[in-house]
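Participant: Let's see this in three dimensions:
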Amino acid sequence: MNVKSAIVSGDVENLSCNEAGQWLAIATHPHKERAAIENLERQDFQTYCPMVRKRIRHARRVQDVLRPLFPGYVFAALSAGQSWRSIHSTLGVRRVIAFGETPGMLSGDFISALRAREIDGAIVKPSQDYQVGQTVRMTGAAFEGLVATIVEMDEKQRLVVLLDLLNQTVRVHTDVHGIRET
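Facilitator: Below is the predicted model:
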């Protein structure tokens, strides 16, 4: 049975994601992705939760940890004859993302593309346009046209730059929209 005929006939109970190469999107309880995955796998569901490395600073310690790319969501594929409705009662699962009675499906190509970007269990983000140590020109209001050097960057597109103002070096916090290449 293919996805289109299952949806048209209303037989979404026996819909198989693997036949169509599609996956279900599942909302989990907050910070319960791992519990949801364990319980789904006990029920023989194939699961996937893409992870990214984040740098955590706490009490003068810095460590890189794995965090979900989509916090609060995991993906599951069904095997032939497997019902997706049992997912609703799985510990750690809040609900299956659905449109009415029809579950929302993701293309297998989407999951494959995510997996292709993984290195050592974490999704690798594309390279950034700016690098630490790069000289840039400030844009906007007070600092328009001043030359600065990038000293810090984070994953939320925020930067710390050094400006020379009145013969002093000043640290200024900005975002990538407040600078341009020199």
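Participant: residue contacts, the residue most central in space within the chain?
Facilitator: By C-alpha atoms, centre = their mean, the chain has its centre lying nearest to residue 69, at 2.5 Å. By C-beta atoms under 8 Å, 6 or more residues apart in numbering, the contact list for residue 69 reads 50, 51, 52, 114, 123. Every C-beta, even on glycine, is put in place using the N, C-alpha and C of the backbone.
Participant: Which residue comes closest to it once chain neighbours are left out?
Facilitator: residue 50 (4.1 Å; C-beta to C-beta, 6 or more residues apart in numbering).
Participant: again with residue 157
Facilitator: residue 176 (4.6 Å).
Participant: Can you read off the backbone torsions of the one you found?
Facilitator: phi -70, psi -20 (degrees, to the nearest 10).
Participant: residue contacts, the residue nearest to residue 69?
Facilitator: Residue 50 neighbours (C-beta under 8 Å, 6+ apart): 68, 69, 70, 114, 115, 118, 123.
Participant: quick one: the residue nearest to the centre of the chain from residue 142, how far?
Facilitator: 37 Å (C-beta to C-beta, to the nearest Å).
Participant: again with residue 111
Facilitator: From residue 111 to residue 142 the distance is 46 Å (C-beta to C-beta).
Participant: more crowded one of those two?
Facilitator: Neighbour count, other C-beta atoms under 10 Å: between residue 111 and residue 142, residue 111 has more, with 18 against 8.
Participant: Tell me where the model's unsure across this structure.
Facilitator: Low-confidence segments of the chain (pLDDT under 70): 1-21, 80, 125-128, 141, 155.
Participant: Please enumerate the helices of it.
Facilitator: 3-9, 17-20, 33-42, 108-116 (DSSP state H).
Participant: Provide the partner residues of the residue lying closest to residue 65 once chain neighbours are set aside in its beta bridges.
Facilitator: For residue 65, ignoring the flanking residues on the chain, the nearest one in space by C-beta to C-beta, 6+ apart is residue 56 at 5.4 Å. Here residue 56 shows beta-bridge partners residue 63, assigned using DSSP bridges.
Participant: Now, of the contacts of residue 50, which are buried?
Facilitator: 68, 70, 114, 123 (16 or more other C-beta atoms under 10 Å).
Participant: ok, the residues you listed vs residue 81, which is closest?
Facilitator: residue 114 (26.5 Å; C-beta to C-beta).
Participant: Pretty sure that closest one sits against residue 124.
Facilitator: No: checked against C-beta atoms under 8 Å, the pair residue 114 and residue 124 is beyond contact range at 10.9 Å.
Participant: Please report how far residue 146 lies from residue 163.
Facilitator: 6 Å.
Participant: what do the two both touch?
Facilitator: Taking C-beta under 8 Å, 6+ apart as the criterion, residue 146 and residue 163 both touch residue 138.
Participant: returning to that earlier point: any chance of CSV for the contacts of residue 69, columns distance to residue 23?
Facilitator: Converted to CSV, those look like this (distance: C-beta to C-beta, whole Å):
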residue, distance to residue 23
50, 12
51, 16
52, 19
114, 10
123, 16
